[in-house]
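Engineer: next comes the sequence, and after it the predicted model I'd like to discuss.
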Amino acid sequence: MRALELGFPGDLRDRLNSLVLTGAKTATTCLLDEYADESEVLEHVGERQALLDNAGRRIATLVYTRVEVMPFGEVTWEHARAEGEGDASLDAWRDVHRRFWEQAGTPVDDRTPVVCLAFRMAEDR
């Protein structure tokens with residue numbers, strides 16, 4: 001089973017994982033280029049992945065319900081809101097994500113391809 005590590009290790013990952021475990025976070029967004037950089041294939045609907053904590057332990061099993069590739073500027077408010085991070089608007093969500101990826105060394109613009117993933121927790125966690 002492949003694994004998913006959300007955000008940067010540390011407090012951010014703890015916070016994002018907590019949002020998943022409480023059901024507030026049911027989506028995430030990744031840069032398409034990261035898949036090539038890591039020699040990974042895209043997730044597919046129905047795929048199960050282990051959600052990992054900071055120590056690399058599985059804390060839940062996720063099942064993907066939607067996988068879409070689109071330009072960053074076309075991500076919908078519905079998807080952004082499902083990320084559950086408390087952004088007040090789509091513009092706020094875009095600002096936070098641009099800063100995150102810039103801090104990671106990959107600035108994005110509205111044309112940058114992203115992967116929008118929606119998921120639910122599997123019953124077996």
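Structural biologist: Done, it's in.

Engineer: so the closest residue to residue 81 other than its chain neighbours is in which element?
Structural biologist: The spatial neighbour of residue 81 that comes closest, neighbours along the chain excluded (C-beta to C-beta, 6 or more residues apart in numbering), is residue 87 at 7.5 Å. Backbone N, C-alpha and C define where each C-beta goes, glycine included. Taking DSSP states H and E as the definition, residue 87 sits outside all helices and strands.

Engineer: any idea how far residue 87 is from residue 21?
Structural biologist: Using C-beta to C-beta, to the nearest Å, one gets 19 Å for the distance from residue 87 to residue 21.

Engineer: by mean pLDDT, point me to the weakest helix or strand of this protein.
Structural biologist: The element with the least model confidence among the helices and strands of the chain, by mean pLDDT, DSSP states H and E, is helix 32-37, at a mean of 90.

Engineer: helices or strands up against that one?
Structural biologist: The criterion is 3 or more C-beta pairs under 8 Å, 6 or more residues apart in numbering; DSSP states H and E, and the helices and strands that helix 32-37 contacts are strand 113-121.

Engineer: show the backbone phi and psi for the residue nearest the centre of the chain.
Structural biologist: Nearest to the mean C-alpha position of the chain, counting by C-alpha atoms, centre = their mean, stands residue 28 at 2.4 Å. According to degrees, to the nearest 10, the main-chain angles of residue 28 amount to phi -150, psi 170.

Engineer: for it, give me its contacts.
Structural biologist: Taking C-beta atoms under 8 Å, 6 or more residues apart in numbering as the contact definition, residue 28 lies against 4, 6, 83, 117, 119.

Engineer: can you tell me which two in those residues are farthest apart?
Structural biologist: Across those, the longest distance by C-beta to C-beta is 13.5 Å; it joins 4 and 83.

Engineer: compare the two and say which is more crowded by neighbours.
Structural biologist: For residue 4 versus residue 83, the count of surrounding residues by other C-beta atoms under 10 Å is larger for residue 83: 23 against 20.
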